[in-house]
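In: need a 3D model of the sequence below.
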Amino acid sequence: MIWKSLGLYAWGISFCDGWDARGNVFLPKIAFACGNSYSSRMNRNITVELVDAFTSTPGKGNRAGVVLDATGLSEAEMQAVAALVNVSETAFMIPTPEAADHELHIRYFTPTTEVPTCGHATVGAHHARARALGLADVTVFAKIGAGILPVDIVGSGEDMKVVMTQGEVVFSPPYGREMVDRILAALGLEAADLLPDLPVQEVSTGHSKVMVPIRSEDKLDSLTPDMAALVECSRAIRCNGFFVFTLNGPDAQNLTSGRMFAPAIGIDEDPVTGNGNGPCGAYLSLYGKLPAQDTFRYCGRQGVAMGREGIIEVTVHRRNGRPYKVQIGGVAVGSGRMDVLLMTSPEGAVTATKV
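Out: I've put the predicted structure just below:
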């Protein structure tokens, strides 16, 4: 947030404790820097590309902000830009020509904090970069908070698809009855709404989410969670997102329909989420809801209740009968750009303004 009052500017900069092994970031500590004068020598103009991921229709899918070259931007400046853009995540791409094992470093910021990885912002960022550079049918290695991971650019132009290999698959123990009841109450669900043969469980492919399998798509679409209660659940379990989903049957065009709630990191609801659908694929494979093949691909649908429907392709790889690698992919479409003026005062206060 940016405040302007009586000529005094104040920028609230969020910092976090870092990430645990599951990729969780916890509720930001807020520090404030104030100043009332800005030096033109500290001003900088940048362009933020706006990309809708997991759709070919502008205004659908999940919008990401993308800064194609964030070289020299500080963490505070990145956070200020992400707060101004105000989409679920903004990706900052930093070329690393000196690195032997990757060509990019990408940092992801919600409007309130940095996160280690983001599926739709990865798809959006690589789509924007590939279009800008004329790339086609290549693999790009990028360093992110979850490690150095490959991203495949498949095809080119309007038909281009971006496929992201996610991080290590990690299953936490299923939650006990008391915690399940607390999560369900926050979501506005009852125990009878759950699918009976699947647990409520945290799963990570780089940034962990809680899997909440329910019976009814109508119930899914009508959910109105208590966001404050979900934040308290996140504090208790140290996991910041809840992926509620249904199974649509083997003959459905899309195997799953889902919704993602992550108010603990400033995202009440995310339209189409790679870090929800990816772990969901590993989870479904673990519990025998996918064919017992070495590689199985399916599509998941998300964003219907928000009017931002998108389709995400999930590929689950198994070894010795267990899922060990997940890829998520999809198309994307440019939906505009935002020109931003960054100003830093001599005292270190940062503001970002649309120009």
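
In: longest helix in the protein, please.
Out: helix 119-133 (DSSP state H).

In: the next helix or strand after that one to helix 119-133, inter-axis angle?
Out: Counting by DSSP states H and E, the next helix or strand C-terminal to helix 119-133 is strand 138-144. When axes from the mean of the first three to the mean of the last three Cα atoms, to 10 degrees is applied, the directions of strand 138-144 and helix 119-133 differ by 130 degrees.

In: parallel or antiparallel, list what pairs with strand 138-144.
Out: strand 104-109 (parallel), strand 147-154 (antiparallel) (DSSP bridges).

In: CA atoms only for the longest one, dumped as CSV, please.
Out: Written as CSV, here are the backbone C-alpha positions of strand 147-154 (Å, rounded to 0.1, in the frame of the first residue of the first chain):
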residue,chain,number,x,y,z
GLY,A,147,15.7,-24.4,-7.1
ILE,A,148,16.9,-24.4,-10.7
LEU,A,149,14.2,-25.9,-12.8
PRO,A,150,13.6,-26.3,-16.6
VAL,A,151,10.8,-24.6,-18.5
ASP,A,152,9.9,-25.8,-22.0
ILE,A,153,8.7,-23.5,-24.7
VAL,A,154,6.7,-25.6,-27.0
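
In: quick check: next helix or strand after that strand?
Out: strand 161-165.

In: that next one packs against which elements?
Out: helix 119-133, strand 147-154, strand 310-319, strand 322-330 (3 or more Cβ pairs under 8 Å, 6 or more residues apart in numbering; DSSP states H and E). All C-beta atoms are positioned from the backbone trio N, CA, C, and that covers glycine.

In: how far away from the center of its chain is the second one?
Out: In this case it means strand 147-154. How far strand 147-154 lies from its chain's middle: 16 Å, per Cα atoms, centre = their mean, to the nearest Å.

In: if we can go back for a sec, any chance of the strands paired with strand 138-144 in a markdown table, plus mean pLDDT, distance to Lys354 and mean neighbour count?
Out: Converted to a markdown table, these look like this (pLDDT from 0 to 100; distance: least, Cβ to Cβ, whole Å; neighbours: other Cβ atoms under 10 Å):
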| stretch | mean pLDDT | distance to Lys354 | mean neighbour count |
| --- | --- | --- | --- |
| strand 104-109 | 98 | 17 | 23 |
| strand 147-154 | 96 | 29 | 17 |
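
In: can you check which of those gets nearest to Ser234?
Out: Closest to Ser234 of these, according to Cβ to Cβ: strand 104-109, at 18.0 Å.

In: what sits up against that closest one?
Out: Contact with strand 104-109 is made by 70, 78-79, 81-82, 89-96, 99, 114-118, 121-122, 125, 140-145, as judged by Cβ atoms under 8 Å, 6 or more residues apart in numbering.

In: what's the answer for stretch 165-174, then?
Out: 21-23, 117, 119, 146-147, 149-152, 199-208, 274-275, 278-279, 282-283, 286, 323-328.

In: can you list the buried residues in it?
Out: Using 16 or more other Cβ atoms under 10 Å as the test for burial, stretch 165-174 gives 165-167, 169-171.

In: same thing with stretch 335-352?
Out: 335, 338, 340, 342-345, 349-352.

In: please state the offset of it from the chain centre?
Out: 23 Å.

In: do the same with stretch 292-306
Out: 16 Å.

In: what mean pLDDT does that stretch have?
Out: Stretch 292-306 carries an average pLDDT of 97.

In: no further queries at this time; thank you.
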